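Chemist: The following comprises the amino acid sequence and a computationally predicted model.
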Amino acid sequence: MRESDVQNSIRLALNPYATVFRANVGKVRMKDGRYFDTGLPSGFCDLFGFRKSDGKIFFIEVKNEKGKLRDVQKHFINKMQEQGAIAGVARSPEDAIRIVEEKE
């Protein structure tokens, strides 16, 4: 399954639990040859949002069954967790729900 398919299924599954945003990151080459960078930090997770129950923020890196985390993604997840946010890697909607429902 493609990561985009996993991501879409996760977004739908999280709807009852959270408000979810998709982070579009990357660079685009403009007509004049310059590159435009979206400005999000390196390693920023694919999905982020807040729980409907208490407003706690979460970050979810989406991977398919074969996807591997890059070091910069591991670092971002660890930093968010150190700051008290919920953060993790989801390979399925069930993984994402477990991450978002995490208790303190």
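Modeler: Now that the structure is in, tell me what you want to look at.
Chemist: where in this structure is pLDDT low?
Modeler: 104 (pLDDT under 70).
Chemist: What segments of it are strands?
Modeler: For the chain, the strands defined by DSSP state E occupy 18-22, 27-29, 35-37, 47-51, 57-62, 86-90.
Chemist: Is it possible to get TSV of those that adds mean neighbour count?
Modeler: Bear in mind the C-beta positions are built from the backbone N, C-alpha and C, glycine included. Below are the strands of the chain laid out as TSV (neighbours: other Cβ atoms under 10 Å):
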stretch	mean neighbour count
strand 18-22	17
strand 27-29	9
strand 35-37	9
strand 47-51	20
strand 57-62	23
strand 86-90	21
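Chemist: what are the ranges of the helices in the protein?
Modeler: Using DSSP state H, the helices of the chain run over 3-14, 71-82, 93-100.
Chemist: Nearest approach to residue 34 belongs to which of these?
Modeler: Ranking the helices of the chain by their distance to residue 34 (criterion: Cβ to Cβ) puts helix 71-82 first, at 23.6 Å.
Chemist: Report the inter-axis angle for that closest one versus strand 47-51.
Modeler: Helix 71-82 runs at 10 degrees relative to strand 47-51, counting by axes from the mean of the first three to the mean of the last three Cα atoms, to 10 degrees.
Chemist: rewinding a little: how about the strands of the chain, which one is nearest residue 99?
Modeler: Between the strands of the chain, strand 86-90 lies closest to residue 99; by Cβ to Cβ that is 4.2 Å.
Chemist: what residues does that closest one touch?
Modeler: With contact meaning Cβ atoms under 8 Å, 6 or more residues apart in numbering, strand 86-90 is reached by 6, 10, 45, 51, 56-63, 69, 76-78, 80-81, 95-96, 99-100, 102.
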